[in-house]
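What shape does this take:
(one chain, ligands or ions: 2)
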Amino acid sequence: MDTDTITAISTPVGEGAIAIVRLTGAEAIEITSKVYEGKDLLNVASHTINYGKILDPDTNEVAEEVMVSVMRAPKTFTREDVVEINCHGGMVAVNRVLEILLSKGARLAEPGEFTKRAFLNGRIDLSQAEAVMDLIRAKTDKAMSVALKQMDGRLSSLIQKYRQDLLETVAHVEVNIDYPEYDDVEEMSHDMMREKTKQVRDEIEELLQVAKQGKILREGLATAIIGRPNVGKSSLMNTLIQENKAIVTEIPGTTRDIIEEYVNVRGVPLRLVDTAGIRETEDIVEKIGVERSRKVLKESDLILFVLNYNEELTEEDRKLFEAVKGLEYIVIINKTDLPQKLDLDEVKQYAEQQPIVTTSLIEEEGIDELESAISKTFFAGDIDTGDLTYVSNVRHIQLLNQAKQALEDAIASLEMEMPLDIVQIDVTRTWEFLGEIIGDTASDSLIDQLFSQFCLGK
Ligand code: GDP
Ligand code: ZN
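Ligands and ions are numbered 1, 2, ... in the order given. Below you'll find the predicted structure:
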């Protein structure tokens, strides 16, 4: 395992005034002490904060006044020696400190490398490592709290619980087969096994359902604004941008920061700069026809469909209704400051159950209603992330789907009264898929676990 000492600027999330230069690795403390004036860092107690100065090794001038936290292995995030240098002098000073450390033998960390070390050193499991990455990219406070919870190990502990449940059933069957003479071990019946597998299947399904919301929180909602020319699409886009502070996310650790723009509407990040993000679509149906427009529009998570209050419904509007049928959309009837010509009952019929909002973008009316409609569409009201564990990682979702499918296979075999040792194969596969989520794929440990789980003769 490579244990060279790496360093990077890691500004705490949501905080701008203080910047931290972090080091991890066997020589983290030694490298820092070479350029530090103050207490002898090599001899200070672990987990202490020390006031001092970073000196420029060439000129011996003070580069920055700092607070240095020294944390010795193994009780650190990476399980290696970690030093955090708190700088107060702005980005120039921080960069200077970083350069000085690099000149003394530290290596610039790659993006995510601190987290990778934590994983490799067994400090966190895979899903937690991925959560840290999500945290770095989190676009909204809600996305951040989801990532924080996952980092906290919520997903891991759920997965572990499912695995434990499945393991117990497998162990039970195994014992029945291998030790038929143990009368005091109740015979595992098809009914018992079916009940257990269905229960885990249902719980996985629930996780997958909230995964959709998790994805949106993390990646932003690809939003399309459609409508005939002149109904107010550009105005709507501008209003959303002005009303809601656009979030610029920088992904740190890269030399050229990647910047993405999002508009945060009540915790729902609308994706703006992605090609599949907000785009104004005028004559899409005209150009490519209803069927193909549907296909294009399906790529959006949300469609804002704008109509003109001051005009009757046109053939083009009707075609647009056809194109969005069954998709997630909000009807926005704009220009309510002008005389009504639109038949609202007709619109209601076309829109079926989808929300309808009236606005006058010019007079800034109805915008609150629109924003709450956007948020409701996806969160069915105000979501409380406190109650939900989101799965927002593509790999996790894929594995959960595979796990669910394997359980469906097991349940199907049970319905057909197949022998339990056949059913067990699918249950074991489920156990393995779930294990991959938390980075525990060692399937040969299954047998060891089996017997440590099930205490015979008790
Ligand atoms: P787009 O072609 O759909 O993008 O429509 P625009 O946003 O460019 O707007 C077309 C025209 O309608 C512009 O002159 C806007 O100022 C005007 N407009 C937009 N919203 C309203 C509104 O609520 N009321 C009125 N009276 N005019 C509006
Ligand atoms: Zn426009």
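
Let me see the ranges of the strands in the stretch 201-350 of the chain.
221-226, 246-251, 258-265, 268-271, 280-281, 302-308, 329-334 (DSSP state E, counting those that start in this stretch).

Find the helix or strand that K161 is a member of.
Using DSSP states H and E, K161 sits within helix 154-178.

ok, which residues in the protein are in contact with ligand 1?
Proximity of the chain to ligand 1 is confined to 227, 229-235, 280, 334-335, 337-338, 360-362 under the rule C-beta under 6 Å from any ligand atom. Every residue, glycine included, has its C-beta placed from N, CA and C.

Which one of the strands of the stretch 201-350 of the chain has the poorest average confidence?
Per-stretch mean pLDDT for the strands of the stretch 201-350 of the chain is lowest at strand 246-251 (a mean of 45).

ok, so what distance separates the residue in the chain that ligand 2 sits nearest to from E371?
Closest residue of the chain to ligand 2, C-beta to the ion: S234 (3.3 Å). S234 sits 18 Å away from E371, going by C-beta to C-beta, to the nearest Å.

out of the residues of the chain next to ligand 1, which are inside helices?
Counting by DSSP state H, these place K233, S234, S235 in helices.

got the residue ranges for the helices in the stretch 51-200 of the chain?
90-103, 113-120, 126-137, 141-151, 154-178, 190-219 (DSSP state H, counting those that start in this stretch).

How far does stretch 407-421 sit from its chain's centre?
Distance of stretch 407-421 from its chain centroid, counting by C-alpha atoms, centre = their mean, to the nearest Å, is 34 Å.

Low-confidence ranges, the stretch 51-200 of the chain, go.
89-91, 111-112, 119, 122-153, 180-186 (pLDDT under 70).

Could you do the stretch 251-400 of the chain as well?
Counting by pLDDT under 70, the ranges of the stretch 251-400 of the chain that qualify are 251-262, 267, 272-282, 378-394.

all helices of it, in order?
284-298, 315-324, 344-351, 367-379, 394-415.

Which among those is found nearest to G25?
Among the helices of the stretch 251-400 of the chain, helix 394-415 comes nearest to G25, with 27.8 Å by C-beta to C-beta.

and the following helix or strand past the closest one with helix 394-415, angle?
Under the assignment DSSP H and E, the closest C-terminal helix or strand after helix 394-415 is helix 420-437. With axes from the mean of the first three to the mean of the last three C-alpha atoms, to 10 degrees defining the directions, helix 420-437 sits at 170 degrees from helix 394-415.

next one: helix 420-437 to chain centre, how far?
Relative to its chain's centre, helix 420-437 lies at 26 Å (C-alpha atoms, centre = their mean).

What is that helix packed up against?
Contacts defined by 3 or more C-beta pairs under 8 Å, 6 or more residues apart in numbering; DSSP states H and E place helix 420-437 against helix 154-178, helix 190-219, helix 394-415, helix 445-453.
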